[in-house]
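> Here you go, sequence then predicted model.
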Amino acid sequence: MQTPVACPGPISRRSFLQMGSLALGGFTLGDLLRCRAQAGTSATSDHSVIFIWLPGGPPHMEMYDMKPNAPSDYRGDFRPIPTVVPGLEVCEHLPLHARMADRFNIIRSVAHKFADHGGGHKRFLTGRDPLQPSGFVNDYPMVGSIVAKLRERRDAKIPMYVTGVDGGRQGIDVFSFGSAYLGPATHPFFVVGDPNQPDFKIQNISLAPQMEGRLDDRVRLLKGFDNLRRAADVSSTMASIDTFNQQALAMLTSDQARQAFDLSAEPDAVRDRYGRHPWGQRALMARRLVEAGVTFVTMVMENPIPPGTAAPKDLVYNWDSHAVHCHLFTDAKVRLPIYDRTITTLVDDLYQRGLDKRVLLIVTGEFGRTPRITYANGRPGRDHWPNAMSMLVAGAGMRTGQVVGSTNSKGEQPKDRPLTPNDLWATMYRHLGIDYDQISFPDYRGRPMSILPYGEPISELL
């Protein structure tokens, strides 16, 4: 990746940096737009995806696949409660789920074979077995990058692939979000930090407050780009830089982008309903983004405790509930009520705003947790378990109020309707109008690689 070219002319380096740059190691918004245009991508549908990623691996037997009749060292401390859907039960710490279970589906029978976090992330997020069972650098593109490749618009004034993460977690390889051979044109636009903080701002989408309304600064910016265009005339390889930087400036100053990311435009009652914490405000931002036309939104939900707030004892940062990390049930008693409000409010909001057919919501982690409880330092926990996992899906005009698949009596492995992550992605591609059977891209060696090597849409959801 080349170092971005500095703008010559009257604009100062200080003023230019105030515009912000993409959190891709110095890869600027203009660079990203230029790469995307070179990729020749275009939009084909107004359908979109909200992908809630729960890294670490949520405990399926404390959430959506409880086994009250299993031995005590399997079933754990929590009890299931009935929902508005006969026969569908969820954890007692998810009461809001229970009240609106007719608006989503639970899948209980997805499994794969990679128990390491890195291998699990890569396997789940790319739809392919990774070449190495550990590490987070992708051998194959993450599905979000594939969607970005196929659905990006050259004239967009808002990023079409957005990812929200905690501060310090924005690296492409933190969660195996890498684009591999598709290149940086398909990287997500990172929104970093807690959207609920008073000083939160989108570093990469708007001019700094001290520059807003200063027409002279904007004129100077444009003059700087004019100078860059004249310089580019001497080199055929730089002939289009001005065009893409003009697009970057348009995006940075567009009302559409500002409004989509501006949570202050939401009534306090709506923000309160989602919850005044990182997860709730990220979910609200996800809804605003798809409503504004963003195609693929990933919101990572690791630590629910707001920055600067002391976390209760025996909690773990993300969903990796080993006994050496946390007390499984103490952690869940804090985590699950926050999760309960966040996810159910998002589902309800999609319905209330008429987005339930256009937007597909997927909520999952990379794997489940061991059905049998383990102990360390006197604390209970569960370890990595890719042999069974549960997830929530909603929207996309699908039939809802269903449980798809089941596991055996101890939650160890699929019993009915065994599925893989690829079946989930096939369902997603169908929703987006992407013909995954017919599309391929060349890998590093020039070999054609299909965007999904196998998998079928989950018929119960269609």
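Here it is on my side, so go on.

> Every contact and neighbour count from this point should use C-alpha atoms.
Fine.

> Report pLDDT for Ser254.
We have a pLDDT of 67 for Ser254.

> If you could redo that for Pro71, that was the one I meant.
Reported pLDDT for Pro71: 97.

> in which helix or strand would I find Met299?
Taking DSSP states H and E as the definition, Met299 sits inside strand 296-300.

> what comes up buried for the next helix or strand after that strand?
Counting by DSSP H and E, the element after strand 296-300 in chain order, helix or strand, is helix 328-352. Within helix 328-352, the residues that qualify as buried are 328-332, 334-336, 338-347, 349-351, counting by 16 or more other C-alpha atoms under 10 Å.

> Strand partners (parallel or antiparallel) of the strand holding Met299?
Next to strand 296-300 in the sheet, as set by DSSP bridges, lie strand 48-53 (parallel), strand 161-165 (parallel).

> Put the alpha carbons of that strand into CSV.
Output of strand 296-300 as CSV, limited to C-alpha atoms (Å, rounded to 0.1, in the frame of the first residue of the first chain):
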residue,chain,number,x,y,z
PHE,A,296,-23.6,-4.0,4.9
VAL,A,297,-23.3,-2.9,8.5
THR,A,298,-21.3,-4.9,11.1
MET,A,299,-21.6,-3.9,14.7
VAL,A,300,-19.2,-5.7,17.0
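
> ok, residues contacting that strand?
For strand 296-300, the surrounding residues in contact (C-alpha atoms under 8 Å, 6 or more residues apart in numbering) are 48-55, 144, 147-148, 160-166, 282-283, 286, 289-290.

> For Leu96, which residues are in contact?
Per C-alpha under 8 Å, 6+ apart, neighbours of Leu96: 340-341, 344.

> Low-confidence regions, this structure specifically.
For the chain, applying pLDDT under 70 flags the ranges 1-45, 153-156, 204-254.

> Domain ranges for it, per the record?
As given by automatic domain parsing, the domain ranges for the chain are 1-40+205-264, 52-196+275-461.

> Out of the ones you listed, which one sits most buried?
Highest mean neighbour count among these (mean count of other C-alpha atoms under 10 Å): domain 52-196+275-461, with a mean of 20.

> How far off centre is that one?
8 Å (C-alpha atoms, centre = their mean, to the nearest Å).

> Look at it and report the distance between its end residues.
Counting by C-alpha to C-alpha, to the nearest Å, the length from the leading to the trailing residue of domain 52-196+275-461 is 18 Å.

> ok, now stretch 368-383?
8 Å.

> And for it, what's in contact with it?
In contact with stretch 368-383 (C-alpha under 8 Å, 6+ apart) are residues 57-61, 73-76, 320-324, 326-329, 384-390, 410-412.

> same thing but 6 Å
57-60, 73-74, 321-324, 327-328, 384-386, 388-389, 411-412 (C-alpha atoms under 6 Å, 6 or more residues apart in numbering).

> just the strands in the stretch 1-150 of the chain please.
For the stretch 1-150 of the chain, applying DSSP state E, counting those that start in this stretch gives strands covering 48-53, 80-82, 89-91, 105-110.

> I'd like those as a markdown table, with distance to Ser264 appended.
Shown next, in a markdown table, are the strands of the stretch 1-150 of the chain (distance: least, C-alpha to C-alpha, whole Å):
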| stretch | distance to Ser264 |
| --- | --- |
| strand 48-53 | 21 |
| strand 80-82 | 36 |
| strand 89-91 | 33 |
| strand 105-110 | 32 |
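
> Compare those and report which one is nearest to Thr364.
strand 48-53 (5.6 Å; C-alpha to C-alpha).

> Now do that closest one and helix 328-352, the angle between them.
With axes from the mean of the first three to the mean of the last three C-alpha atoms, to 10 degrees defining the directions, strand 48-53 sits at 170 degrees from helix 328-352.

> who touches strand 48-53?
295-300, 359-365.

> Of all pairs in these, which one is the farthest apart?
The span of these, defined through C-alpha to C-alpha, is set by Thr295 and Gly365 at 20.6 Å.

> Between the strands paired with strand 296-300, which one is closest to Met428.
With C-alpha to C-alpha as the measure, strand 48-53 is the member of the strands paired with strand 296-300 nearest Met428 (7.8 Å).

> Do I have it right that Ala260 meets Leu289?
Yes. Counting by C-alpha atoms under 6 Å, Leu289 is a contact partner of Ala260 at 5.5 Å.

> Good, we can wrap up now.
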